[in-house]
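Trainee: generate coordinates for the sequence data below:
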Amino acid sequence: MKIIIIGAGEVGYHIAGRLALENKDVVVVDRNMDSVRRVADHLDVQTIHGSGSSPVILEQAGIREAEILLAVTDSDEANLVACLMANILSPGTKKLARIRGAEYDAYHDQFRDKPPHIDTIINPEIEVVKTIDRLLRLPGAVDAGEFENGKIIFVGVRLDETARLINYRLSEISMMADVDRLLIVAIVRDEELIIPRGDDHLQPNDLVYFISEESRLMENLIAFEKHVEPLKRVLIVGGGRIGLRLARLLEERSISTRIIERDPERCTVLAESLSRAVVLCGDGSDQDLLSEENIHNMDAVVTLTNDEETNVLVSLLGRRMGARKAITKISRFNYFPLMASIGVEQIVSSRLSAINTILQHIRRGKVLSAMSLKGEQAEVLEAEALETSAIVGKPLKQINFPKGAILAAIIRGEQVIIPSGDSVVEPHDRVIIFAKQEAISKIEKILMVKLEFF
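Mentor: Below you'll find the predicted structure:
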């Protein structure tokens, strides 16, 4: 599979790194020489210095042989033009573009149905707001995702030192917690990701990831001693595009919302765009302002400025001053491993959201969605089991699943099956698979249709 990536920023760099590890043929194009040099120095991919919207550069990159073009520069307009030129030169190449501007939201269908015929438009800001909403609604969740249109929920929770499930084997969890069909698929312990077995024990401060049916989610959270509390008051720090989208969503749900923004002109825009949220013009890291706004009564503080250090500081400050929960936007992936150690647990990233969306469209086999875990250590895939793929027609215990992967759930019509070794995947079942990064390419092979089918 040949993939051309236009844009060598954080999203382009990390997508290229992942695909290179999976032995994909990757070409990265960027007009910034420093960005190109960074990719060339650290990744085993081809690099080209130039504009991705130039037909000459696209020809040089091999657009006519490419299966996929990813346009992920920081400029919506540059991404649109790159897709337009790719459509002219190679109409059969699948095109994905990152388009973030809200002014383009109403035109996504036209971009797909008319030139430049973009197959998938990625708006990471919309995905980040969805992630924040899930974290706000799920008590104690450090990480969360959903599959099969919300029927299956994937949740990560931190085990308190006094949790009653500590020191019990995983095989004993369902009996001890008095819950059915709870499947723990991963444990993060001291920043090491572990795929557990039945005889593994839970330990204090483990970050435990489990799969749950939506209808059983709350009882499963209670098993981990995470109890539901109503969400009534939210403070947003940072009134950019993500902050505005989130405030609108919270308004729709009749949640009391306050939003702090330091730019007076942006405050005017926010005030004109929102109907019930209170807009405050000031510095979100000002303790006096936070105190005046009764942060100790807030159910959650969500920090969404463009400065990561400010987001981290305000989140820590908010929790210290009494806010029940803090959700922090982080862009730099190298910050992720440090966050838990300083007390910042609930992290969102527009770049990571973009990567998750891109991955589901470049995976082989009929992958319907994908979610990254712990930055880049693993993925959770939702896929359709195709008729002649290797995963179909025999008990799971007879399938040569790669080390570092586990089939977490089978969805058959309206039925959700938490599988055992005797479970059999049938054609067109949907499956949820958890896999560490090194197992991804092997999982793709299991999901692909065998050649003799054709």
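
Trainee: low pLDDT regions in the protein?
Mentor: Applying pLDDT under 70 to the chain flags residues 174, 176-181, 363-366, 368-369, 374-376, 449-454.

Trainee: how about 50 then?
Mentor: Counting by pLDDT under 50, the chain has low-confidence residues at 451-454.

Trainee: how about the residue nearest to the spatial centre of it: what's its closest non-neighbour residue?
Mentor: Centroid-nearest residue in the chain: Ser353, 4.2 Å away (criterion: Cα atoms, centre = their mean). Leaving aside its sequence neighbours, Ser353 sits nearest to Glu127 (Cβ to Cβ, 6 or more residues apart in numbering; 3.7 Å). Glycine gets a C-beta too; all of them are placed from N, C-alpha and C.

Trainee: quick check: that neighbour vs Ile195, distance?
Mentor: For Glu127, the distance to Ile195 (Cβ to Cβ, to the nearest Å) stands at 26 Å.

Trainee: who's in contact with Ile173?
Mentor: Neighbouring residues of Ile173 by Cβ atoms under 8 Å, 6 or more residues apart in numbering: 165, 182, 184, 202, 223.

Trainee: ok, the residue nearest to Ser353 to Tyr13 distance?
Mentor: Applying Cβ to Cβ, the value for Glu127 to Tyr13 is 19 Å.

Trainee: out of those two, which sits in the more crowded spot?
Mentor: Per other Cβ atoms under 10 Å, whichever of Glu127 and Tyr13 has more neighbours is Tyr13, with 23 against 18.

Trainee: check the secondary structure at the more buried one for me.
Mentor: helix (DSSP: H, G, I helix; E, B strand; the rest coil).

Trainee: surely it and Arg38 touch.
Mentor: Yes: judged on Cβ atoms under 8 Å, Tyr13 makes contact with Arg38 at a distance of 6.9 Å.

Trainee: and the helices in the stretch 301-450 of the chain?
Mentor: Under the criterion DSSP state H, counting those that start in this stretch, the stretch 301-450 of the chain contains helices at 308-320, 336-339, 350-362, 440-447.

Trainee: what is the third one packed up against?
Mentor: The contact analysis (3 or more Cβ pairs under 8 Å, 6 or more residues apart in numbering; DSSP states H and E) places helix 350-362 against helix 10-21, strand 68-71, strand 94-98, strand 120-122, helix 124-137, strand 367-373, strand 378-384.

Trainee: and the second one, which strands flank it?
Mentor: Strands flanking strand 68-71 in the sheet, each with its direction: strand 2-6 (parallel), strand 94-98 (parallel) (DSSP bridges).

Trainee: now do the fourth one
Mentor: For strand 120-122, the pairing partners within the sheet under DSSP bridges are strand 94-98 (parallel).

Trainee: mind listing what's buried along the helix or strand just after the partner strand?
Mentor: Per DSSP states H and E, the first helix or strand lying C-terminal to strand 94-98 is helix 108-113. Residues of helix 108-113 classed as buried: Phe111 (neighbour count, 16 or more other Cβ atoms under 10 Å).

Trainee: residues touching helix 108-113, excluding its own?
Mentor: Contacts to helix 108-113, defined as Cβ under 8 Å, 6+ apart, come from residues 80, 97, 99, 104, 117-119, 121.

Trainee: as JSON lines, the helices and strands packed on helix 350-362 with distance to Ile418 would be great.
Mentor: Putting these into JSON lines (distance: least, Cβ to Cβ, whole Å) gives the following:
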{"stretch": "helix 10-21", "distance to Ile418": "29"}
{"stretch": "strand 68-71", "distance to Ile418": "34"}
{"stretch": "strand 94-98", "distance to Ile418": "33"}
{"stretch": "strand 120-122", "distance to Ile418": "31"}
{"stretch": "helix 124-137", "distance to Ile418": "21"}
{"stretch": "strand 367-373", "distance to Ile418": "18"}
{"stretch": "strand 378-384", "distance to Ile418": "15"}
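
Trainee: so which of those is the most surrounded?
Mentor: Highest mean neighbour count of the helices and strands packed on helix 350-362: strand 68-71, a mean of 28 (counted as mean count of other Cβ atoms under 10 Å).
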